[in-house]
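**Q** sequence-free structure coming up:
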C-alpha cells in the first residue's frame, strides 16, 4: 500500500476595515501661575514640543496674558506623555507649572 499525502493550502483574504475611526485628539494646555518663570515655559515648549524659540515665546505670552494656552493637539497617548514630561521637568526645577488635557472639539 502506498500512502499519498495531500497538502491543503488555505487562502485567507483580509478585507480592510472601513469602519475604523481615527483616534480622538486632545489639547495639551499650559496653565499660568505666579511662580513658574517665563524662561522655563519657553524652554519646556522648545525641548518637549520641539517648537522654535519664536513660536515658544508667542505661546508663553499667550499663557501669561490669557491664563492658559494650547501648546499642541495630538492623540491622547501622546498628549498624556508630553504632559507627564512637562510636569516632571517643572518639578525637577522647582516649578509648579500645571498642564491639563482636554478633548479637541
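**A** Good, I have the coordinates. These figures come from a predicted structure and were not determined experimentally. Numbering: from 1, shown residues only.
**Q** those helices in the protein, which residues are they?
**A** Here the chain has its helices, by DSSP state H, at 38-49, 53-66, 76-92.
**Q** looking at the ones you listed, which one is packed in the most?
**A** Of all these, helix 38-49 carries the top mean neighbour count, a mean of 18, counting by mean count of other CB atoms under 10 Å. Placement of C-beta: from N, CA and C, glycine included.
**Q** who are the packing partners of it?
**A** strand 25-31, helix 53-66, strand 68-75, helix 76-92 (3 or more CB pairs under 8 Å, 6 or more residues apart in numbering; DSSP states H and E).
**Q** where in this structure is pLDDT low?
**A** Within the chain, the stretches with pLDDT under 70 are 1-5.
**Q** centroid-nearest residue for it?
**A** residue 79 (2.5 Å; CA atoms, centre = their mean).
**Q** and the nearest residue to residue 47 once chain neighbours are set aside, how far is that from residue 41?
**A** Using CB to CB, 6 or more residues apart in numbering and skipping residues adjacent in sequence, the residue nearest residue 47 is residue 89, 7.4 Å away. The spacing between residue 89 and residue 41, counted by CB to CB, to the nearest Å, is 11 Å.
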